[in-house]
Structures are given as C-alpha cells and as structure tokens.
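**Student:** Below is the sequence, then the predicted model.
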Amino acid sequence: MRVSTKGRYALRIMIDLALNNNGEYIPLKDISARQGITIKYMEQIIPQLNKAGYLKSLRGNGGGYRLAKTPDKYIVGDILRVMEGSLAPVACLDYDEVDCERSNNCSTLKFWNGLKETVNNYVNSFTLADIINDINDTQTDNLTEK
C-alpha cells in the first residue's frame with residue numbers, strides 16, 4: 001500500500017491548520033508558504049476535506065480555512081481514507097463484503113486481511129492531537145539539548 005501525494009498533503013494541511021489554530025481563518029497562501037505545497041494543488045485537496053466536514057471555510061477578506069473540530073477528534077486513518085478511499089492492500093478487500101469469486105478457495109485471503117487490519121489499526125490509532133503532541137515534544141527536546 002502506498003499513500004498518494006494527495007493523502008500525504010491532506011495530512012500535512014490538517015496538521016498545519018491544527019498547529020496554527022488561533023481561532024482565525026487561515027488563508028491558503030499561508031499554508032502554502034509553510035508547507036511548500038502549491039495553492040493550485042491544495043485547491044484539489046481542500047474541497048474533499050471540506051466535503052467530509054473536516055474544515056470550516058470563509059470567503060473574502062479575512063477568509064480561509066480552519067478545523068471544524070478540535071485536533072483530538074480527527075483520526076489519521078479517516079483523513080487518509082477521505083483522500084485515498086480504502087486502504088486495503090488488494091482490491092477484493094475494498095469493501096466489508098469480500099468481492100471475489102475465489103474468496104472461498106483463496107489461499108492468501110487470510111494474509112491480506114491481516115495486512116488490512118494491521119494498517120487500519122495503525123492509522124486509526126493516531127489523532128491529529130497525537131501528531132501535534134509528538135511535534136511539540138520533539139521541538140521541546142531540541143530546545144533543551146542546546
């Protein structure tokens with residue numbers, strides 16, 4: 001399984017919005033400058049995050065984006081699935097029902113199911129708050145070492 005650029009950038013955008021949350025709406029140009037993601041590319045990602053209910057937006061002067069909820073309410077796996085769809089390693093496991101005529105005789109189905117469970121359990125075990133706390137801890141450690 002490989003997470004696409006859109007999936008990686010969506011996570012970076014969400015983290016940026018969480019780290020820079022001061023109650024104000026954050027313009028795309030500010031996120032772009034901090035993250036090194038073009039505004040044009042972000043304009044492909046933001047609508048999907050918005051449609052999922054993850055963002056609040058405001059148009060016009062003073063407009064931009066902010067998180068709709070607190071960082072602890074966002075599960076990393078959910079953010080990735082908004083952008084990627086299923087994180088299943090094989091197509092037959094994309095849905096809850098196994099969609100394969102060979103599923104009754106498939107010698108590898110148990111293996112693929114295990115990999116799917118492992119990936120989903122891992123990405124679902126982190127929230128944006130967990131990542132932010134890790135970033136803050138790393139920054140604090142770097143300051144105390146100097």
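**Tutor:** Cool, got the structure.
**Student:** nearest spatial neighbour of residue 18, skipping sequence neighbours?
**Tutor:** Excluding the flanking residues, the one nearest residue 18 by Cβ to Cβ, 6 or more residues apart in numbering is residue 71, at 4.3 Å. To be clear about C-beta, it is placed using only N, CA and C from the backbone, and glycine gets the same treatment.
**Student:** Tell me the confidence at that neighbour?
**Tutor:** On the pLDDT scale, residue 71 is placed at 97.
**Student:** how about it, what does it touch?
**Tutor:** 18, 21, 127, 128, 129, 132 (Cβ atoms under 8 Å, 6 or more residues apart in numbering).
**Student:** ok, the fourth one touching residue 13?
**Tutor:** No - Residue 128 is beyond contact range of residue 13, at 10.8 Å (criterion: Cβ atoms under 8 Å).
**Student:** What ranges does this structure have for its helices?
**Tutor:** Taking DSSP state H as the criterion, the chain carries its helices at 5-19, 28-35, 39-51, 76-84, 109-123, 128-145.
**Student:** Dump those helices to CSV, plus distance to residue 90, mean neighbour count and mean pLDDT.
**Tutor:** Shown next, in CSV, are the helices of the chain (distance: least, Cβ to Cβ, whole Å; neighbours: other Cβ atoms under 10 Å; pLDDT from 0 to 100):
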stretch, distance to residue 90, mean neighbour count, mean pLDDT
helix 5-19, 18, 19, 97
helix 28-35, 32, 15, 96
helix 39-51, 24, 15, 96
helix 76-84, 14, 19, 97
helix 109-123, 5, 14, 94
helix 128-145, 28, 12, 77
